[in-house]
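Peer 1: heads up, no residue letters with this:
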C-alpha cells in the first residue's frame with residue numbers, strides 16, 4: 001500500500017508529460033505541487049521558466065534553478081499544474097487550504113489548460129466537506145460571516161499563532177463549513193459578487209481539464 005506521500009510523488013512526476021518544451025507554465029502551491037516542482041527540475045533546461053502562485057512556490061522553484069517571472073511579463077501560459085483540496089466529477093474544485101487561492105485563480109485563468117494533481121482522497125461527489133476558503137478584505141469579515149450564515153454556512157476567520165492569517169496579498173481568510181455546493185458555477189458567480197470578497201475558493205469558472213489522481217493501483221487520468 002502506497003503512502004499518501006508516495007501517491008503525491010507519483011502524480012507530481014506524471015504531470016511532467018503536460019509540460020511543453022519551450023513554453024512558459026504556471027505552477028501552483030501545496031505539498032503535492034512541491035513534488036511536481038522537484039520533478040520539474042529534471043526539465044528546467046527545456047523551459048524558459050514559470051509563473052508561480054505563491055511566495056513559497058517561487059522560493060522552491062528558484063532554489064532548483066527554475067526562472068520565475070511575474071504574470072504580467074508573459075502572455076498565455078501553456079498549462080497550469082496545481083493541486084486541490086477537493087475535486088468533483090466535473091473538474092470543479094475547492095482550493096485555498098494553503099492560502100494562495102487568489103493568485104492560483106489568476107494563474108489558472110492565464111493558462112490554456114488546468115491539470116490538477118491530487119491523491120484519491122480529494123475526489124468527492126459534491127464540494128463542501130473541506131472548509132471553503134474565501135479571501136476577504138478585513139473590514140468586510142463580519143458582514144461576510146453573516147452572509148454565509150444566511151445560506152447555512154459557518155464561517156470563521158483563519159488564525160495563525162492566535163492572530164488573523166495574512167495572505168501574500170495582505171488580506172484575511174474565512175473558512176466556511178457546513179455547505180454542500182451542488183452547483184459550483186452558480187455558487188462561485190454569486191459569492192464573487194459580494195462586496196469584500198477578493199476570491200472564493202471554488203474553482204468552477206477555472207475548473208480542471210485533466211486530473212491526475214494518485215491511487216493504490218497507480219495514477220488515474222480523468223479528463224473533463
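Peer 2: That came through fine. No experiment lies behind these values; they were computed from the predicted model shown.
Peer 1: the helices in the chain, which residues?
Peer 2: Assigned helices in the chain, in chain order: 4-14, 31-40, 55-63, 101-109, 141-150, 184-192 (criterion: DSSP state H).
Peer 1: Minimum distance to residue 220: which of these has it?
Peer 2: Proximity to residue 220, assessed across the helices of the chain by CB to CB, is greatest for helix 4-14 (9.3 Å). For every residue, glycine as well, the C-beta is placed using N, CA and C.
Peer 1: what comes up buried for the closest one?
Peer 2: Using 16 or more other CB atoms under 10 Å as the test for burial, helix 4-14 gives 7-14.
Peer 1: do the same with stretch 108-119
Peer 2: Under 16+ other CB under 10 Å, the buried positions of stretch 108-119 are 108, 110-111, 113-119.
Peer 1: center of the protein, which residue is that?
Peer 2: residue 95 (4.5 Å; CA atoms, centre = their mean).
Peer 1: In contact with that residue, which residues?
Peer 2: 82-85, 101, 104-105, 133, 201, 203 (CB atoms under 8 Å, 6 or more residues apart in numbering).
Peer 1: Serialize those residues to CSV and add fields for distance to residue 213.
Peer 2: Below are those laid out as CSV (distance: CB to CB, whole Å):
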residue, distance to residue 213
82, 14
83, 11
84, 10
85, 14
101, 21
104, 19
105, 22
133, 22
201, 20
203, 16
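Peer 1: ok, back up a step: please identify the most buried of the helices of the chain.
Peer 2: helix 101-109 (a mean of 24; mean count of other CB atoms under 10 Å).
Peer 1: Just the residues contacting it, thanks.
Peer 2: Under CB under 8 Å, 6+ apart, the answer for helix 101-109 is 26-29, 51-54, 71, 77, 80, 82, 95-96, 114, 133, 135, 167-169, 171, 198-199, 201, 203, 205-206.
Peer 1: give me every residue that touches residue 191.
Peer 2: 134, 197, 200, 202 are the contacts of residue 191 under CB under 8 Å, 6+ apart.
Peer 1: What residues sit buried inside stretch 213-224?
Peer 2: For stretch 213-224, using 16+ other CB under 10 Å, the buried residues are 213-214, 219, 222.
Peer 1: one step back: now, which of the contacts of residue 191 sits nearest residue 154?
Peer 2: For these, the nearest to residue 154 is residue 134 (12.6 Å; CB to CB).
Peer 1: Show me the beta-bridge partners of the closest one.
Peer 2: residue 174, residue 200 (DSSP bridges).
Peer 1: distance of it from residue 218?
Peer 2: 35 Å (CB to CB, to the nearest Å).
Peer 1: Return the backbone torsion pair for residue 131.
Peer 2: Main-chain torsions, residue 131, degrees, to the nearest 10: phi -60, psi 130.
Peer 1: now the helix or strand bottoming out on mean pLDDT in the chain: how far from the chain's centre is it?
Peer 2: Confidence across the helices and strands of the chain bottoms out at helix 4-14, with a mean of 91, counting by mean pLDDT, DSSP states H and E. The chain centroid and the centroid of helix 4-14 are separated by 16 Å under CA atoms, centre = their mean, to the nearest Å.
Peer 1: now swap in stretch 157-173 and tell me
Peer 2: For stretch 157-173 - counting by CA atoms, centre = their mean - the centre lies 18 Å from the chain centre.
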